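**Q** build me a model:
(chains A, B, C and D)
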2 protein chains.
Amino acid sequence: MAKRTQGKPAGLSRQRIAAAAVDLVDRQGLESFGVRRLASELGVDPMSIYNHIKGKAALLDAVSEAVLTEVSATAAQWPDGWMDIARTMARGYRDMAIRHPRIFPLLATRAQTSVVAFEALERLTAAMRRAGIADQTIADAPLVLFGFLNGYLLATVSADPGGTDEPATGATQPAIDPALYPALAALAPLQAGFGGEAEFERMLETVLAGIAEGAAGAQAARSGRRPATAAGPTSDHSGG
Amino acid sequence: MAKRTQGKPAGLSRQRIAAAAVDLVDRQGLESFGVRRLASELGVDPMSIYNHIKGKAALLDAVSEAVLTEVSATAAQWPDGWMDIARTMARGYRDMAIRHPRIFPLLATRAQTSVVAFEALERLTAAMRRAGIADQTIADAPLVLFGFLNGYLLATVSADPGGTDEPATGATQPAIDPALYPALAALAPLQAGFGGEAEFERMLETVLAGIAEGAAGAQAARSGRRPATAAGPTSDHSGG
DNA sequence: AGGTATTACCTACGGTGTAGAATATAGGCC
DNA sequence: GGCCTATATTCTACACCGTAGGTAATACCT
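**A** Residues are numbered from 1 along each chain as shown, chains lettered A, B, ... in the order given. Below is the predicted model:
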């Protein structure tokens, strides 16, 4: 027998568990994260979590969903134009990545199947249809936009060395040897504003412009460039 | 006391271990990969691996390095122009991602500090300097290019559900409900050629064009659109 | 009140990464 | 040859992990 407190409610719920998990990963990183640590954080038996979330994979999904929900929530209201919607999403997504650098790899790595994720995609694609964009372009758009966002933000925001307990430093360069890599070394100081907001906005606009160009994306290059350098998209193009 | 075979050489080496690890992850996925499985694959005690590679993290680095080396190796020779260099790199990178879909998340997620990685960056940036590109643009270029490549290829090539033993299927969509997401459902059939080569080439050109635009990247947007919106990002940019 | 479903807990099993110590071989030196 | 040392390999052990299966206590419905 001994004293048991088994049936006593611990106030667990999917939401509360997810919130605690988000907090824990933020503080200690993905590496060391696990069911048992989380349970101990919640003052609860590890197996109790399984009553609300099926397993570790589902737990990670719940974490992803939680931070994605933040993104939707922080956007007070959504604009009408698809480009402005995309900008709002992208900025909110980046803000989230900055808030949760150690969680972000989850979003970039695992396929997102939560309702919030689908809602966001629906919102974007619906707006593009309203604008009369070609269907094929619309179908590609989320891939281009979030593909870029994921890759770019992974590189700039979450260069997580591992499980130690630090406030998540931003990518630390390991000092480039100028003898081996002269060009890289010369450019190193310019990467000070690595991942800065201005840079992000610039690249975001580039990507959006690329999407806007649609199937003829490569033409975006020609427009602003002198006609000498860049040529047609597929056939002959010479760099410099 | 009992037969021991301790000192007998097992022919281990960093290279051989890395090659076996690549093969193992290709077959069984990252999820189930580990020192012990790899050791058993090599017919060797788990701890023997530690004589050549410090730990699991270093093991994953070795795997990354091995597949990155493939990329460098498959490129018979490098062109002169930076754009063509970038194209060659991007295509080789994609080919590698397709060959090793279950390894690729490693490259996108972990910071690459191997020699091959630095050499590639050096090659690209050096060529851009030769072409007289603005330094700030050059400093951003690898981030833009590989940021995009990582994100895009993660989404298209490696939607790995987990540790089961399959030949790595390409992203399976879970059937979208047209009642909830009409626009998405309507576009779903168009994502048939998801991640196809033509699409990749198209987006690659878009990204390269964006880089070519340099600091004035946002202007690429204006070209096809109204000139009202975009403002100067940091200071003035030479593009004009 | 009684019955049932849910929630929480306990135990246990097979797996993991890896520190530390023991041991057999390879290679250099005499 | 004989010896010595460095190195590669293995063995043992520990703390930890995810989670299957079983048990008890509470909440809820009737």
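**Q** where along chain A do the helices fall?
**A** Listed in chain order, the helices of chain A (DSSP state H) span A:14-28, A:35-42, A:46-49, A:56-74, A:82-99, A:104-109, A:115-130, A:135-157, A:182-187, A:197-212, A:219-224.
**Q** and B:Ala58, which of the ones you listed is closest to it?
**A** helix A:104-109 (19.2 Å; CB to CB). C-beta here means a position set from N, CA and C on the backbone, and glycine is covered the same way.
**Q** centre of the chain to that closest one, how far?
**A** Centre-to-centre, helix A:104-109 and its host chain are 6 Å apart (CA atoms, centre = their mean, to the nearest Å).
**Q** is any residue of it near DNA strand D?
**A** No: Helix A:104-109 does not reach DNA strand D (CB under 7 Å from any atom of the strand); its nearest approach is 13.7 Å.
**Q** buried residues in that helix?
**A** Across helix A:104-109, burial judged by 16 or more other CB atoms under 10 Å in any protein chain shown covers A:104-109.
**Q** the residue nearest the centre of chain A and A:Ile138: what is the separation?
**A** With distances taken as CA atoms, centre = their mean, A:Asn150 lies nearest the centre of chain A, 4.6 Å away. In this view, A:Asn150 and A:Ile138 are 19 Å apart by CB to CB, to the nearest Å.
**Q** neighbours of A:His52, how many?
**A** 16 (other CB atoms under 10 Å in any protein chain shown).
**Q** got it, and A:Ala127?
**A** 21.
**Q** likewise A:Pro142?
**A** Other residues lying near A:Pro142 total 21 when counted by other CB under 10 Å.
**Q** isn't it up against A:Leu124?
**A** Yes: using CB atoms under 8 Å, A:Pro142 is in contact with A:Leu124, at 6.3 Å.
**Q** if we can go back for a sec, can you redo the helices of chain A as a markdown table with distance to B:Ala18 and mean pLDDT?
**A** Formatted as a markdown table, the helices of chain A follow (distance: least, CB to CB, whole Å; pLDDT from 0 to 100):
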| stretch | distance to B:Ala18 | mean pLDDT |
| --- | --- | --- |
| helix A:14-28 | 30 | 97 |
| helix A:35-42 | 31 | 96 |
| helix A:46-49 | 35 | 96 |
| helix A:56-74 | 28 | 96 |
| helix A:82-99 | 31 | 97 |
| helix A:104-109 | 22 | 96 |
| helix A:115-130 | 36 | 95 |
| helix A:135-157 | 23 | 91 |
| helix A:182-187 | 25 | 94 |
| helix A:197-212 | 34 | 86 |
| helix A:219-224 | 39 | 39 |
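**Q** and B:Lys56, which of the ones you listed is closest to it?
**A** Smallest distance to B:Lys56 across these (CB to CB): 16.9 Å, for helix A:104-109.
**Q** against which helices or strands is that closest one packed?
**A** Here helix A:104-109 touches helix A:56-74, helix A:82-99, helix A:135-157, helix B:104-109, helix B:135-157, going by 3 or more CB pairs under 8 Å, 6 or more residues apart in numbering or on different chains; DSSP states H and E.
**Q** quick one: contacts of that helix?
**A** A:30, A:60, A:63-64, A:67-68, A:96-97, A:150-151, A:153-154, A:157-158, A:160, B:105, B:108-109, B:151, B:154 (CB atoms under 8 Å, 6 or more residues apart in numbering or on different chains).
**Q** may I have that helix as PDB, with CA atoms only?
**A** Taking C-alpha atoms only, helix A:104-109 is exported to PDB below (Å, rounded to 0.1, in the frame of the first residue of the first chain):
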ATOM      1  CA  PHE A 104      13.300  26.700 -34.300                       C
ATOM      2  CA  PRO A 105      15.200  23.700 -35.700                       C
ATOM      3  CA  LEU A 106      12.100  21.700 -34.900                       C
ATOM      4  CA  LEU A 107      10.000  23.800 -37.200                       C
ATOM      5  CA  ALA A 108      12.500  23.800 -40.000                       C
ATOM      6  CA  THR A 109      13.200  20.100 -39.800                       C
END
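**Q** distance of A:Leu47 from A:Ala183?
**A** Just so we're on the same page, residue A:47 is Met rather than Leu. A:Met47 sits 55 Å away from A:Ala183, going by CB to CB.
**Q** and the two? Which one has more around it.
**A** Relative neighbour count places A:Ala183 above the other of A:Met47 and A:Ala183, with 20 against 10, counting by other CB under 10 Å.
**Q** ok, now which ones touch that one?
**A** B:122, B:125-126, B:128-129, B:138.
**Q** if you set the cut-off to 6 Å instead, what comes out?
**A** B:122, B:125-126, B:129 (CB atoms under 6 Å, 6 or more residues apart in numbering or on different chains).
**Q** name the nearest of these relative to DNA strand C.
**A** Among the contacts of A:Ala183, B:Glu122 lies closest to DNA strand C (CB to the nearest atom of the strand), at 30.8 Å.
**Q** I figured the closest one hits A:Leu184, correct?
**A** Yes: with contacts counted by CB atoms under 6 Å, B:Glu122 reaches A:Leu184, the gap being 5.2 Å.
**Q** when those two are compared, which one has more neighbours?
**A** A:Leu184 (24 against 17).
**Q** what's the separation between the closest residue in space to A:Met83 that isn't next to it in sequence and A:Glu122?
**A** Once flanking residues are discounted, A:Met83 sits nearest to A:Leu208: 5.7 Å by CB to CB, 6 or more residues apart in numbering or on different chains. According to CB to CB, A:Leu208 and A:Glu122 sit 19 Å apart.
**Q** tell me, how many residues neighbour A:Met203?
**A** Neighbours of A:Met203 (other CB under 10 Å): 25.
**Q** correction: A:Ala20
**A** Neighbours of A:Ala20 (other CB under 10 Å): 18.
**Q** who's in contact with it?
**A** Neighbouring residues of A:Ala20 by CB under 6 Å, 6+ apart: A:41-42.
**Q** so how far is A:Ile49 from it?
**A** With the distance defined as CB to CB, A:Ala20 ends up 10 Å from A:Ile49.
**Q** what does A:Leu154 give?
**A** In terms of CB to CB, A:Leu154 sits 28 Å off from A:Ile49.
**Q** quick one, which of these two is more surrounded?
**A** A:Leu154 (27 against 24).
**Q** grab the nearest non-local neighbour of the more buried one.
**A** Closest residue to A:Leu154 apart from its sequence neighbours, by CB to CB, 6+ apart: A:Ala108 at 5.1 Å.
**Q** again with A:Phe200
**A** A:Arg94 (6.1 Å).
**Q** can you count the residues close to the one you found?
**A** 22.
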